[in-house]
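quick one: sequence and predicted model below, then my questions.
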Amino acid sequence: MKSKLDKMLTTHEKLVHSEGVKIISHTQRDVEEWVQHTVMIEGCDAPFKFRRPKKFKCLKGNRVNMTYYPETEKVAGFDIEVMKVVRIKRY
């Protein structure tokens with residue numbers, strides 16, 4: 001029997017899953033009624049972004065499992081690669 005994660009990965013071709021990655025930076029800021037979280041992981045220059053209704057305990061220094069989509073965002077006329085996180089869990 002396939003797990004929920006395996007079903008998600010087979011259904012969505014561009015979805016990526018990483019296990020045990022170390023968070024080196026975690027910021028949280030209010031955007032209207034949501035909290036925008038941005039994390040940076042060890043060995044990757046692209047930011048990982050997600051929104052939640054509440055603040056998280058700081059994830060800096062922890063290892064996590066993440067499921068995300070690669071995307072591009074236009075900032076000041078430049079295309080920047082970002083990762084849209086759909087699932088994050090402490091390792």
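The structure has been received and is ready for your questions.

tell me where this structure has strands.
16-31, 34-41, 48-52, 63-75, 78-90 (DSSP state E).

dump those strands into CSV; add distance to residue 8, mean pLDDT and mean neighbour count as well.
For glycine as for every other residue, the C-beta is placed from the backbone atoms N, C-alpha and C. Output for those, formatted as CSV (distance: least, Cβ to Cβ, whole Å; pLDDT from 0 to 100; neighbours: other Cβ atoms under 10 Å):
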stretch, distance to residue 8, mean pLDDT, mean neighbour count
strand 16-31, 8, 93, 13
strand 34-41, 20, 95, 17
strand 48-52, 15, 94, 17
strand 63-75, 7, 92, 14
strand 78-90, 8, 92, 14
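
just send the ones you listed back as CSV, with distance to residue 3 too.
Shown next, in CSV, are the strands of the chain (distance: least, Cβ to Cβ, whole Å):
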stretch, distance to residue 3
strand 16-31, 11
strand 34-41, 23
strand 48-52, 21
strand 63-75, 12
strand 78-90, 12
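
for residue 10, find the nearest of those.
strand 16-31 (11.5 Å; Cβ to Cβ).

quick one: distance of the closest one to the chain centre.
5 Å (Cα atoms, centre = their mean, to the nearest Å).
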